[in-house]
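Undergrad: Task: produce atomic coordinates for the following.
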Amino acid sequence: MSKLQQGGLGNVANSWVGSGQNQPVSSGQLGSALGPNIIKMLSQKSGLSEEELTQELSQVLPGLVDKLTPNRRLPTAAELSQKM
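TA: All right, here's what the predicted structure looks like:
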């Protein structure tokens, strides 16, 4: 979340945590906010091209963050491990 906020997507990412409508994010915005190093690493680990990865993340990430933050806050590491 901090990487998204630092990358100029703070309002968008906060909408995923909040109780209102999740704002969309484009694959280009997400790639820029996360940065090339993170995208490259995730691409290598997933086996997806960088373009495919950012496209998939832009579709999945808003809903995933929304589901992981039912109390309108980021879960602690312990809470997150219980959900996995």
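Undergrad: report the longest helix in the chain, please.
TA: Across the chain, the longest stretch assigned as helix under DSSP state H is helix 50-68.
Undergrad: what helices or strands is that helix leaning on?
TA: helix 10-17, helix 27-34, helix 36-46 (3 or more CB pairs under 8 Å, 6 or more residues apart in numbering; DSSP states H and E). For every residue, glycine as well, the C-beta is placed using N, CA and C.
Undergrad: Tabulate these (CSV), appending mean neighbour count, distance to Leu61 and mean pLDDT.
TA: Listed next are these as CSV, based on neighbours: other CB atoms under 10 Å; distance: least, CB to CB, whole Å; pLDDT from 0 to 100:
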stretch, mean neighbour count, distance to Leu61, mean pLDDT
helix 10-17, 18, 8, 94
helix 27-34, 18, 7, 95
helix 36-46, 13, 11, 96
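Undergrad: Any chance of these in CSV with distance to Glu52 as columns?
TA: Formatted as CSV, the helices and strands packed on helix 50-68 follow (distance: least, CB to CB, whole Å):
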stretch, distance to Glu52
helix 10-17, 21
helix 27-34, 9
helix 36-46, 8
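Undergrad: Select, out of those helices, the one closest to Leu57.
TA: Between Leu57 and the helices and strands packed on helix 50-68, the tightest spacing by CB to CB is seen for helix 27-34, at 5.6 Å.
Undergrad: Spatially central residue in the chain, please.
TA: Leu61 (4.3 Å; CA atoms, centre = their mean).
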